[in-house]
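Colleague: Predicted model and sequence follow; I will ask about them next.
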Amino acid sequence: MFGWEFPPHIAGGLGTASYGLTKGLAKHGVKVMFVMPKAGGDEDQSVVKIINASDVEMMSEYSTLDEYWQNVNFMEIGSNLVPYLDPETFERTVTETIKTGEHTEHIAFRNKFQFSGKYGTNLMEEVARYAMVAGTIAAQQDFDIIHAHDWLTYSAGIVAKKVSGKPLVIHVHATEFDRSGEHVNQQVYDIERRGMEAADRVITVSNLTRNIVINRYGINPDKVVTVHNAVDFQTREDVEVERGVKEKVVTFLGRITFQKGPEYFIEAANKVLKRYPNVRFVMAGSGDLFNRSIRRVAQLKIATKFHFTGFLRGDDVQKMFLYSDVYVMPSVSEPFGISPLEAMRAGVPTIISKQSGVAEVLKHSIKVDYWDVDALADAIYGLLSYPGLGKMAGEEGLEEVNQLKWENAALKVEDVYKDALGII
Amino acid sequence: MKKTLCFYFQIHQPVRLRRYRFFDIGKRHDYFDEYVNRSTIRRVAEKCYLPMNRLVMEMIKRYGTNFKVSFSISGSALEQFALHAPEVIDSFKELAKTGSVEFLAETYAHSLASLSNTDEFETQVRRHAVRIEELFGQKPVTLRNSSLIYSDQIGERVAAMGFESMLTDGAKHVLGWKSPNFVYTNAINPRLKLLLKNSRLSDDLTLRFSDHGWHEWPITADKYARWLKDSAKDSEIVNLFMNYETFGENQPAETGIFEFMRSLPEFIFSTTDFEFLTPSEAVKKHQPVAPLHVPYPISWADEEKDITGWLGNELQNEAFEELFKIQPKVKALNDPALNEDYSRLQASDHFYYMRTKLFSDNDYHRYVSPYETPYEAFINYMNVLSDFIARVEDMEKMRNIAEDKITKETESPEKPKKAVRGSRAKSAESAAKTTGKVSTKEKKVKSKH
């Protein structure tokens, strides 16, 4: 399995999903070898074998780039264009680079390539190098099937397939259309499409994503299968939280980017505050719309009731859920969206946009169109002012979310494997 | 008649906020970063306040009452000196005893209250004046507002408070063809005299003293004395207004700034016909030449000499509005702990950290903001302010409940009347405190810390 991240070193939902899936597969007796660009060494290896791509010595015949491209003739890599993917990590990486003066580009490329494993400035280069290492691993290791998560690893999957001849399953957690709207990065799109075309089976995290894969990438519907994500609650540590604020708390937690629809949350907050003063709104996370959101909140003059926390990690995420009375995910486009499940797990009633994959599996969540600010405000107001509604949504939601086990998702993934291998 | 050279030095240190997160709201009410505040005060005391005070003392000893300067020290700076560097206060007290030093009044908190429509400005100025008199035995008669912010209205308020004169900037867009080197008056109340900063000569020291790229570098004392003389050829007074931190902190000792200041009076006395005066002496000596019309507030900041450094974007406006919206409640409650925090939250620095306009080279406030972006400054400040507002509202509720009880007791005939009178007397007493005895309250707060 090729991934880009694995807990505890994660920037988003991809790592969490990879971890949950591998654990689920382990329960069904599927052994997983997880290759990632840069392992921290503190990953939970109880159910997977982690291979750190930075530790892999390249086979000698692949040791120079040119030679390599001749051998594996599948794609060309252009410049180091930074794909618009994960702004907060990108921002951090760039600032770090500026601060330390460190330039990963200058790292000598000998037998081992030191991957940063971050979504950084020379992401494209890393993707290409990761693919090269994948070829080496594919030749050395023994396995039955290749599973690649998201576009960063598709190239690695293709190379591994070429080298080993084993079937390739790619797992689409998000597409370029989710990340960038209609302004797609052509390079990323091309990599995605090549991966989907080369794959024997394509797993999508929702029917929403499945439709995008079929319609936007022109992939044969027969090989595209939806496997909804689940939630892994064993990683959840119990955090005791004593709330400091007396008001009710409505939370947005996620990257503050176009995709997540932060502006709709702010506008709805403004409407709710006019009618229901006993509430505070919290926007947790960071991203390229962070500053704009703060300015908007200041313009609306609601800043004493609307708070920003910046990027939350570890226990703070859990703490934030325990602080919340309502959780809102107004995503414009969300392939799946795991965070409402985490909120529900904490017993928090949720409001999600109809444009999210998770809306396909949840019954006990209020669903609104992301652009319908009035409906969103209405839903928030309802959950706040009618205790029965909030109580029911919270309790039923908890019940519902407990049924979404990775074990079950893994079973479906296993079926996909069997299908690809022709065992069924 | 001799010409006048008037030095005024500003000393201000805000009480800096710690990182205050959303999760802290309602739980922690300690908003301030003890460590950063202490280390900053210690550092600047060692580099600037103590050595420069020694130098001023040395010059006063050498020239007697011929050498004079004036200081304005914000209440928040004084407060922090008392905590972290009491020797700085001692050395200012020594200077006060010489009779060659005038201490000016300002807002205690280095506040932007003059721009709000509350009476917080008057409260702040009174509180500061009381403190200055306590420490230095002088009742201030000259006022300088935060960053020399001034307008016709502000001047009118200051005059109504009984001040004789006020300092502000000789902003070009206000002066036009007129020279800053005269005494002017407020446009509404001509009894208030205005002293205007000579920007060029002041900035030669604060900004350009160590600028090696400047064609006039290095400035020597004789050259500077010559410039002073030239600039005052057809005028009466040159006002050199600057931050005290210029000496040793912004212009480090290595630049030779101390040696420059040490030898400056010698050249002034031998080559010019200037005499050193303090602001209150200067306005007595010189006849005002004209009223100065300033309909919109000016300040000494940036190229624009306006207030957009503090109130120039939505973030700043929102924070400012919320801060002063709560003022009547804070005032009515008159709780020592709330008053203290409220004062500290007013420091103009908090708003300056939220500025988004580009830093120009000629920036007086070229100090580093503790925040990476104005947005973070805003978030942190608003978190603190939200908690503060919640505290104010809680206390207000509690007081109302208590008062309701009293009214009920009065209404019900069964209750003994004595108890009613007792609690009424108490509330009357606290009302009395609200109006007058600010200083005694303050002392109580001080001793608590």
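Modeller: Looks like it arrived, so ask away.
Colleague: top helix in the chain by residue count?
Modeller: Reading this off chain A. Secondary structure of chain A read by DSSP state H shows that its longest helix is helix A:123-140.
Colleague: Chain B is the one I meant
Modeller: Among the elements of type helix in chain B, defined by DSSP H, the one spanning the most residues is helix B:374-411.
Colleague: For A:Glu400, which three-state class applies?
Modeller: Under the three-state scheme (DSSP: H, G, I helix; E, B strand; the rest coil), the conformation of A:Glu400 reads as helix.
Colleague: for chain B, what spans make up the strands?
Modeller: Defined through DSSP state E, the strands belonging to chain B, from first to last, are B:3-11, B:69-73, B:101-103, B:142-144, B:165-169, B:183-186, B:193-197, B:237-243, B:247-248, B:251-252, B:274-276, B:290-292.
Colleague: In its sheet, which strands sit next to the second one, and in what direction?
Modeller: Looking back up the chat, that one is strand B:69-73. Using DSSP bridges, strand B:69-73 pairs in its sheet with strand B:3-11 (parallel), strand B:101-103 (parallel).
Colleague: Just the C-alphas of that strand, formatted as PDB.
Modeller: Coordinates of each C-alpha in strand B:69-73 appear next as PDB, following Å, rounded to 0.1, in the frame of the first residue of the first chain:
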ATOM      1  CA  VAL B  69      14.300  68.300  29.400                       C
ATOM      2  CA  SER B  70      10.800  66.900  29.800                       C
ATOM      3  CA  PHE B  71       9.500  63.400  30.100                       C
ATOM      4  CA  SER B  72       6.200  61.700  29.600                       C
ATOM      5  CA  ILE B  73       6.000  58.300  31.100                       C
END
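Colleague: on that earlier part again, what's whatever helix or strand comes next after the longest helix of chain A in contact with?
Modeller: The helix or strand immediately downstream of helix A:123-140 is strand A:146-149, counting by DSSP states H and E. Contacts to strand A:146-149, defined as CB atoms under 8 Å, 6 or more residues apart in numbering or on different chains, come from residues A:1-4, A:14, A:17-18, A:138, A:154, A:156-157, A:160-161, A:164, A:166-171, A:173, A:195, A:199, A:413, A:417. (Each C-beta comes from the backbone N, C-alpha and C, glycine too.)
Colleague: for the longest helix of chain B, packing partners?
Modeller: Of the remaining helices and strands, those touching helix B:374-411 by 3 or more CB pairs under 8 Å, 6 or more residues apart in numbering or on different chains; DSSP states H and E are helix A:290-299, strand A:306-310, helix B:314-325, helix B:327-333, helix B:336-345, helix B:417-435.
Colleague: Centre of the chain to the shortest one, how far?
Modeller: Meaning strand A:306-310. Taking CA atoms, centre = their mean, to the nearest Å, the mean C-alpha location of strand A:306-310 is offset from the chain mean by 22 Å.
Colleague: and that strand, average pLDDT?
Modeller: Per-region confidence: strand A:306-310 scores 95 on mean pLDDT.
Colleague: Partner strands of it, with direction?
Modeller: Paired strands of strand A:306-310, defined by DSSP bridges, are strand A:279-284 (parallel).
Colleague: Any chance of the strands of chain B in a markdown table with mean neighbour count and distance to B:Lys357 as columns?
Modeller: Formatted as a markdown table, the strands of chain B follow (neighbours: other CB atoms under 10 Å in any protein chain shown; distance: least, CB to CB, whole Å):
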| stretch | mean neighbour count | distance to B:Lys357 |
| --- | --- | --- |
| strand B:3-11 | 23 | 22 |
| strand B:69-73 | 25 | 26 |
| strand B:101-103 | 24 | 33 |
| strand B:142-144 | 27 | 24 |
| strand B:165-169 | 26 | 18 |
| strand B:183-186 | 24 | 29 |
| strand B:193-197 | 25 | 21 |
| strand B:237-243 | 23 | 20 |
| strand B:247-248 | 25 | 28 |
| strand B:251-252 | 18 | 25 |
| strand B:274-276 | 20 | 37 |
| strand B:290-292 | 18 | 26 |
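Colleague: The ones you listed: which one's closest to B:Asn313?
Modeller: The stretch from the strands of chain B with the least distance to B:Asn313 (CB to CB) is strand B:165-169; that distance is 21.8 Å.
Colleague: per-residue confidence at A:Cys205?
Modeller: Actually, residue A:205 is Val rather than Cys. So, for A:Val205, pLDDT stands at 94.
Colleague: so who does it touch?
Modeller: Under the criterion of CB under 8 Å, 6+ apart, the neighbours of A:Val205 are A:17, A:171-174, A:226-229, A:335-336, A:357.
Colleague: low pLDDT regions in the chain?
Modeller: Going with chain A. Regions of chain A meeting the criterion pLDDT under 70 cover residues A:10-12, A:56-121, A:232-240, A:424.
Colleague: actually it's chain B I care about, not the one you picked
Modeller: Low-confidence segments of chain B, defined by pLDDT under 70, are located at B:358-368, B:411-449.
Colleague: Cheers, nothing more for now.
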